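Enquirer: My questions are about this predicted structure, shown below with the sequence.
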Amino acid sequence: MAYESYVLVCGGTACCSGGADKIIEAFANELEAAGLKEKVQVVATGCLGFCEQGPIVKILPQGTFYVQVKAEDVKEIVAEHLVKGRVVQRLCYDPEQAKKLVAEANIPFYQKQYRIVLRNCGVIDPEKIEDYIARDGYKAIEKVLFEMTPEQVVDEMLKSGLRGRGGAGFPTGMKWKFAQQQPKGQKYMVCNADEGDPGAYMDRSTLEGDPHSILEAMTIAGYAIGASKGFIYIRAEYPLAIHRLEVAIAQAHELGLLGDDILGSGFSFDIELRFGAGAFVCGEETALLQSIEGNRGMPKPRPPFPAVKGLWGRPTVINNVETLANIPVIINKGADWFSKIGTATTKGTKVFALTGKVNNSGLIEVPMGTTLREIIFDIGGGIRGGHKFKAAQTGGPSGGIIPEQFLDTPIDYESLAKIGSIMGSGGLIVMDETDCVVDIAKFYLDFTVDESCGKCAPCRIGGRKLLNYLKKITDGRGTEQDIKDMEAICDAMNKASLCGLGQTASNPVKSTLRYFMDEYMEHIHDKKCRSGKCSKLIQYKIDPAKCKGCTMCARKCPAGAISGTVKNPHVIDQTKCIKCGACESTCKFGAISHG
Amino acid sequence: MAKLTLADLRKMREEKQKALDMRDSSNKDVQVVVGMGTCGIAAGAKDTFTALINTLSEKGLTNVLVRQTGCMGLCHSEPTVEVVVPGMPTVIYGHVDAATAKDIVDKHIVGHELIEGKILDKPSIDIVKNA
Amino acid sequence: MSEKLETMTPELKAFVEEWKSKPGNLIMVLHRVQQTYGYIPRNIAIEISTMLDVPLAKIYGVVTFYNFFRLQKSGKYNVQVCLGTACYLRGGDDIIKEFERRLGVGLNATTEDGLFSVEAVRCLGCCGLAPVAVVNGEVHGKLETKDVEGIIEQYRKLG
């Protein structure tokens, strides 16, 4: 027995509320009536995305995608599609173009993702070099070593418009050019795999899923700038990524794709791993180099830039993992192809780790210029638990918070900077109305204060002062003067800090002040946190009309803050209350609430 | 393996490309791919992997290749498993625990039946594939 | 508290010899020390200082700069609670507080019986499972505060 066709009915929450179960039932009945029960299997699936067009039905193997299906439509789908093999045009997505849009491959939703960096992730076995080679792996190395001069490689990178994916967006080709122009001698190629941004794991996934692409890209870069030695600086907290890199390096050595005289070309290149040890500041280039040299990871003033004077005083190029993963594809398919993807100023794609209050958290890759709305609502399937979108955060502790009015901003380096955030390394965290923006700003400041290396005063002292102000406000002791002081401190840190960490550490505060001043004011004047997150501002209250005087809450209260006599309404002494919430969960009559 | 020359590498790529397209030369026409990045393993992908191997050997199925890969990007539904059976649509299953792994062998591979409630869609179309 | 002296293992010695001549070896050597003992013991640090010809003060400087290195032995079961942004938004701080409350120890401290220690870490990279805690490499995901007691008991039973 084998089925000939399969009917997939989306069983995601949105589709279920749209009547997916009735559709399944209808299919069962209609198929039985048509005598197709043995030939067609009907299955409920997890959420297929695209929820605003639900309920969704997909027919395999043809891949026909029907939207907004109702139980009444099922009869027609069975009679037309499954019996006669004719697509029901009126139920296809966008009936105007239905003829072209019969297969899922043509539906715009699925085209929103575009995999260059993640081309092999989830496809090949990362511990088998043959798998990588089969998918055009080490082909770019052939082209570079045998058909191109180092100058041509650099030109190709310049032409592609690729910019550093670590956050700042400096053109990769320029970096390479500076290093190439330095006098011959020992130079170094470094891969920055110290992904310290909390909530971001793009680089880890790339290294775990496709380690050879990074080795190949580093070898290409080494050839272009004239380096014979490369280092991968990777977090010690990523044991699996380290293991897969070690395996990959050993395999590449064995096949002569690393080491002396690669493929008989006369070019030699070797790569060693160096472990980070949990210091966020080491994502900063000069601090990272200090750490590779075995020192405390303290940044140095620039210039001199690492491309001129880097590791052990020698010219050094530092590229981030995602930047590197693009390079073999650019070489294979050409700069012209690459520069057609993206926006005017920012070419290519961006990988995001989409997390937080979104339905489908995941690792996604989209062309530059995609909007946040498309990422969060189309790919991410919207907000969890039917909550309302409040803000998105990009760039981690160095980035900003983006409110709803900018959801339609096409993402590139410039547009995000304009609205007070940064591209950052790719963490994209979604928040709903139960999250407090003041609390989030405090969370990030707590992080940067902890991670500040302490070398320069604006970052060391400014960060601490900002954090104290935020604590004061979330505790309900803030004043309007505090806001003014905070603005001044943000400005000073931004202008006077030595490295990127200090210069950007105030961004979470600046952007929340800019877009959510009303919430700051509520904390200050009304002593209220609308999300209920700032526990010191919560007040528990007993509704005297509902309270039966059962004394349960008074007995549960660990602080002895509730008083009252049997069968009479109880009262909470706000000065004693420790806001633990034990009373509210104990009350059987729903008389206790907080706000 | 000895060090490759340019010609060796090209030959190897061609052969391996065929192998990847035709699945495997050693009569393995069914392929089961388990996403084993850190997220996947944290969510229990190793148990899934073991359950697949055990069920296959119990059934004496030798035409199935089980292999690992990196993150498929569907973090919200790890562990994820892709199943490729000739004559059937290629599907990705999410939240595959040991019991579902057994179902994949019993129902999908042996019975040519899709498994209720566990199917996810491929997150994107791979553009570099044939270009 | 008297300091426990650790002995240099032959493997560690060989590793140090191998890396001795490489520039920038200190952090890699310290990683190996921590891998061997679970922390950086003072007397081993003194030996490393002599072997690599690096002042002890510099070793102390490096060890205290990086979060990953620890100067005290952790509990037999080291509970690492993730406080990356995704976990924080989904209640990671409540999970930490619950572990602290139930074990009666603060952050980065070890229980009196030497069984448990609690630490907060920055992003373990499995945000899909948030909030997450890792005990000796084993991941516990999608946690709620009520799950904490069961996790502690699970390891306490193992002794």
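Expert: Right, received. Where do you want to start? Numbers count the residues shown, from 1 in each chain, chains lettered A, B, ... in the order given.

Enquirer: only C-alpha atoms for contact and neighbour calcs from this point on.
Expert: OK.

Enquirer: and chain B, which residues reach chain C?
Expert: Applying CA under 8 Å from any CA of the partner chain, one finds that chain B approaches chain C through B:Thr38, B:Cys39, B:Ala42, B:Ala43, B:Cys75, B:His76, B:Ser77, B:Glu78.

Enquirer: Looks like B:Phe105 contacts B:Leu52 (just checking).
Expert: Let me fix one detail, which is that residue B:105 is Val and not Phe. Yes. Contact between B:Val105 and B:Leu52 holds when scored by CA atoms under 8 Å: they sit 7.1 Å apart.

Enquirer: what comes into contact with the helix or strand hosting A:Lys471?
Expert: A:Lys471 is part of helix A:457-474, with elements assigned from DSSP states H and E. With contacts defined as CA atoms under 8 Å, 6 or more residues apart in numbering or on different chains, helix A:457-474 is touched by A:438-439, A:441-442, A:445-446, A:448-449, A:452-454, A:478-479, A:482, A:486, A:489-490, A:492-493, A:496-497, A:502-503, A:505-506, A:520, A:523-524, A:534, A:536-537.

Enquirer: still on that earlier bit, can you tell me which of the residues of chain B next to chain C end up in helices?
Expert: B:Thr38, B:Cys39, B:Ala42 (DSSP state H).

Enquirer: Could you pull up the residues touching C:Met8?
Expert: C:Ile44.

Enquirer: any idea how far it is from A:Cys550?
Expert: 66 Å (CA to CA, to the nearest Å).

Enquirer: distance between the ends of stretch A:231-238?
Expert: With CA to CA, one end of stretch A:231-238 sits 16 Å from the other.

Enquirer: Now that stretch: average pLDDT?
Expert: Per-residue pLDDT over stretch A:231-238 has a mean of 93.

Enquirer: For chain C, identify the residue most remote from the centre.
Expert: The centre of chain C is farthest from one residue, C:Ser21, which by CA atoms, centre = their mean lies 28.3 Å away.

Enquirer: so how far is C:Met51 from it?
Expert: 11 Å.

Enquirer: go on, A:Lys495?
Expert: Distance from A:Lys495 to C:Met51, by CA to CA: 44 Å.

Enquirer: what does A:Gln182 give?
Expert: Applying CA to CA to A:Gln182 and C:Met51 gives a distance of 36 Å.

Enquirer: go on, A:Lys70?
Expert: As judged by CA to CA, A:Lys70 and C:Met51 stand 76 Å apart.

Enquirer: neighbour-wise, which of the two wins?
Expert: Higher neighbour count among A:Lys70 and C:Met51: A:Lys70, with 18 against 13, using other CA atoms under 10 Å in any protein chain shown.

Enquirer: Let me see the ranges of the strands in the stretch 351-500 of chain A.
Expert: With DSSP state E, counting those that start in this stretch as the criterion, the stretch 351-500 of chain A has strands at A:362-367, A:389-394, A:401-403, A:427-432.

Enquirer: Just put those strands in TSV and tack on mean neighbour count and mean pLDDT.
Expert: Formatted as TSV, the strands of the stretch 351-500 of chain A follow (neighbours: other CA atoms under 10 Å in any protein chain shown; pLDDT from 0 to 100):
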stretch	mean neighbour count	mean pLDDT
strand A:362-367	25	87
strand A:389-394	22	94
strand A:401-403	25	95
strand A:427-432	26	93
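
Enquirer: what about those strands, which gets the closest to chain B?
Expert: Nearest to chain B, of all the strands of the stretch 351-500 of chain A, is strand A:362-367, at 4.2 Å by CA to the nearest CA.

Enquirer: Who does the closest one pair with, and is each partner parallel or antiparallel?
Expert: Here strand A:362-367 has these sheet partners by DSSP bridges: strand A:349-356 (antiparallel).

Enquirer: hang on, the earlier thing: can you say which of the contacts of helix A:457-474 are buried?
Expert: A:438-439, A:441-442, A:445-446, A:448-449, A:452-453, A:478-479, A:482, A:486, A:489-490, A:492-493, A:497, A:502-503, A:505-506, A:520, A:523-524, A:534, A:536-537 (16 or more other CA atoms under 10 Å in any protein chain shown).

Enquirer: Also within reach of chain C: list those from these.
Expert: Okay, of the buried ones among the contacts of helix A:457-474 touching chain C (CA under 8 Å from any CA), that's A:Cys453.

Enquirer: Write out the residues of chain A neighbouring chain C.
Expert: Close to chain C, as judged by CA under 8 Å from any CA, chain A has residues A:196-201, A:204, A:237, A:274-275, A:277-279, A:291-297, A:355-357, A:361-362, A:429, A:431, A:435, A:453.

Enquirer: hang on, the earlier thing: can I get the helix holding A:Lys471 as CSV, trimmed to CA atoms?
Expert: Extracted in CSV, the C-alpha atoms of helix A:457-474 (Å, rounded to 0.1, in the frame of the first residue of the first chain):
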residue,chain,number,x,y,z
ALA,A,457,36.7,56.5,32.6
PRO,A,458,33.7,57.3,30.4
CYS,A,459,32.7,53.7,30.1
ARG,A,460,33.8,52.5,33.5
ILE,A,461,32.1,55.4,35.5
GLY,A,462,29.4,56.4,33.0
GLY,A,463,28.0,52.9,32.7
ARG,A,464,27.9,52.5,36.4
LYS,A,465,26.1,55.8,36.9
LEU,A,466,23.6,55.1,34.2
LEU,A,467,22.8,51.7,35.8
ASN,A,468,22.3,53.4,39.2
TYR,A,469,19.8,55.8,37.7
LEU,A,470,17.9,53.0,36.0
LYS,A,471,17.8,51.1,39.3
LYS,A,472,16.5,54.2,41.0
ILE,A,473,13.8,54.6,38.5
THR,A,474,12.7,51.0,38.5
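
Enquirer: next one: it to chain centre, how far?
Expert: Its chain's C-alpha centre and that of helix A:457-474 lie 27 Å apart, by CA atoms, centre = their mean, to the nearest Å.

Enquirer: any idea how far the residue farthest from the centre of chain C is from A:Ile232?
Expert: Distance from C:Ser21 to A:Ile232, by CA to CA: 19 Å.

Enquirer: Below-threshold pLDDT in chain C: ranges please.
Expert: For chain C, the stretches with pLDDT under 70 are C:1-3.

Enquirer: correction: chain B
Expert: B:1, B:20-27, B:121-131.

Enquirer: could you pull out the helices for it?
Expert: B:6-21, B:38-42, B:45-59, B:98-103.

Enquirer: so which of the ones you listed comes closest to A:Phe27?
Expert: helix B:98-103 (23.3 Å; CA to CA).

Enquirer: Next, the residues that contact that closest one from outside, please.
Expert: B:Asp47, B:Thr48, B:Phe49, B:Ala51, B:Leu52, B:Thr55, B:Ile115.

Enquirer: which residues touch the last one?
Expert: With contact taken as CA under 8 Å, 6+ apart, B:Ile115 is in contact with A:Val43, B:Asp103, B:Ile104, B:Lys107, B:His108.

Enquirer: I'm done for today, thanks for sticking with me.
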